[in-house]
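# sharing a model prediction with you, sequence too.
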Amino acid sequence: MSMAYDAEHPIPMPPILWDNKGFWDGVTKHELVFQRCKQCGTWLHPPRPACPRCRSFEKEWAPSTGKGTVYSFVTYRESPHPAFKAPYSVVLVELEEGVRLVSNMVDVKPEQIFIGMPVEAVFDDVSEGLTLPKFRKVG
Amino acid sequence: MSVMRSIKNKAAIVGIGISSFSRDSQRTELRLACEAIKVALDDAGLTTEDIDGLVKQTDDASDEHAVTSSMGMGNLTYFGECRWGAAPGAMVMRAAMGVAAGAANYIVVYRAVNGSSGRRMIPSMRTSGQMSTSDLLQWTFHAPFGHMSEAGRVAMIVRRYIHEFGINSEQFGWVPVVCREHGAQNPNSMYYKKPFTIEDYRKSEMVVEPLRRLDYYEEADAAAALVVTTAERAKDLRQKAVYVLGAAQSMVPETEELNSYYRRSISGLPETAQVGKKVFSMAGVAPKDIDCVQLDDSYGPFVPMQLEELGFCGRGEGVDFCNGGNHIRSEGELPLNTSGGSLGEGHLHGMNHLIEAVRQIRGTSTAQVEDARLVLVASGAGGPASGLILGGK
């Protein structure tokens, strides 16, 4: 089971700012990229103007393997927005690079999700002009 | 030039005012605020002419100038705001600093919310055009995935806490039960004379797993105000003074407002731990000396986590400590939220917790703790936090 949307109501679009544009540009091309500090190599998410470790403003968008595990998750039994049909789960995935990303699972029921579940990124073209990075179970 | 090293014992709360909690106040928030201020001034034996400072919560609908115009106040020399769930403790701290530094003599702290009938603060209802850059940088990674409710953000942290400490989530029910038992004794509260048991909790439906409906604060229309002055002036006033013995605000690296889940560990509340260290050290007391606590119970599962972080029990032991409710009832060793708090009295964003702390020290609570001398108040959980230790000296 994947996320079910109500076609009558548009999915909220992600606001694009200078600090996060690279992430969404990557997703549009079906590439998962995260900010990486050019000075100290620290992976950063959510994106920031500066690296909290070395304070450098020099960063690059570096490709992720897309592999990780479920770090935590919740299941909405009531939907807070008409675009999303409950029940649905939101997962917090910890990627191999160490960053965590909020997302949804594809082809998995809420009851099947567990902390530590190995997952990998997929790209879901959910509506005109909106692609979302999601995850599927590995193995 | 002398340096003020601490505001310990420099300021006191000398007046309190609180409205009843209802589903529909039939008043504007401004009127609710003014009414609570009037009650607080009468309680203190002061008049509007005495007031020269105001502290408000940033999101409060009643601006300072609207309050002064309505109440016939003039000549303010000090005013400011505090943010988030952390506001209540921080507002008293700010007022205490204001009087201790001589910026004003009598400062009113106020908060009024039509949280049930009127304007609600649900992020999903906001449009991105009204959001700050920092909020947008969170929203961009949450909203498209349907992660849009405040409770959903809390639930993400609670799930991890359950996982790391092997908690049976039904045991979260004892905090809502005890808070609502205390609310049932309080004529002002949403739960007055309403029985509430652990069975009610168990039957409560999941809204955002692992959170149930009855883990949530009780939406209400209400207002509260209090008056802060110097310890010296407090001696001449009508009420038993309630002194600020410890006060702190807290943020730590990678604090976010309710979505601090990008940092290494997310199963704790490090902001609350930092509040605890600071207020205990400032007041010169330890957790064992505290007679009663008023903690942020906007979401019940954050209460055992706060008890742990404040040093009342070990990490992962908070749920066991609350199990059965005997430790945290008004006759227990660490009475919790004795007016009912956000779960059992009504959600006034933590202001009722301050008012109740003052009542406990005055000896006027509807769930009075015998000989309550030291009360700890914690505001904000899962984001910026603040806290106070109040005492009667």
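Yep, that arrived.

# all contacts plus neighbour counts: C-alpha atoms, from now on.
Will do.

# how about the helices in chain A?
Ranges of helices within chain A are A:21-28, based on DSSP state H.

# how does it divide into domains?
Following automatic domain parsing, chain A resolves into domains at A:15-63, A:65-139.

# could I get the ones you listed as CSV with distance to chain B and mean neighbour count?
As requested, these are exported to CSV (distance: least, C-alpha to the nearest C-alpha, whole Å; neighbours: other C-alpha atoms under 10 Å in any protein chain shown):
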stretch, distance to chain B, mean neighbour count
domain A:15-63, 5, 17
domain A:65-139, 4, 19
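
# and of these, who's closest to A:His9?
Closest approach to A:His9 among those is made by domain A:65-139 (4.8 Å; C-alpha to C-alpha).

# what's the pLDDT at the closest residue to chain A within the stretch 201-350 of chain B?
Shortest the stretch 201-350 of chain B-to-chain A distance, computed as C-alpha to the nearest C-alpha: residue-wise this is B:Val208, at 4.4 Å. The model reports B:Val208 with a pLDDT of 98.

# what helix or strand is it located in?
Here B:Val208 is covered by strand B:206-209, with elements defined by DSSP states H and E.

# what of B:Gln138?
helix B:133-139.

# before we move on, the earlier item: mind putting the domains of chain A into JSON lines with distance to B:Ala223 and mean pLDDT?
Listed next are the domains of chain A as JSON lines, based on distance: least, C-alpha to C-alpha, whole Å; pLDDT from 0 to 100:
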{"stretch": "domain A:15-63", "distance to B:Ala223": "35", "mean pLDDT": "95"}
{"stretch": "domain A:65-139", "distance to B:Ala223": "27", "mean pLDDT": "97"}
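
# can you tell which of those domains is closest to B:Val275?
domain A:15-63 (22.9 Å).

# what is the end-to-end distance of that closest one?
21 Å (C-alpha to C-alpha, to the nearest Å).

# please apply the same query to stretch B:300-318.
Taking C-alpha to C-alpha, stretch B:300-318 runs 12 Å from one end to the other.

# that stretch - what's its average pLDDT?
In the prediction, stretch B:300-318 has an average pLDDT of 98.

# how distant is it from the center of its chain?
Distance, stretch centre to chain centre, for stretch B:300-318: 16 Å (C-alpha atoms, centre = their mean, to the nearest Å).

# in contact with the nearest residue to A:Ala4 once chain neighbours are set aside, which residues?
Nearest non-adjacent residue to A:Ala4, counting by C-alpha to C-alpha, 6 or more residues apart in numbering or on different chains: A:Lys85, 5.4 Å away. Listed by C-alpha atoms under 8 Å, 6 or more residues apart in numbering or on different chains, the contact set of A:Lys85 reads A:3-6, A:79.

# so which of the residues you listed comes closest to B:Ile162?
Closest to B:Ile162, out of all of these and judged by C-alpha to C-alpha, is A:Ser79, at 23.1 Å.

# pretty sure that closest one contacts A:Ala86?
Yes: counting by C-alpha atoms under 8 Å, A:Ala86 is a contact partner of A:Ser79 at 5.2 Å.
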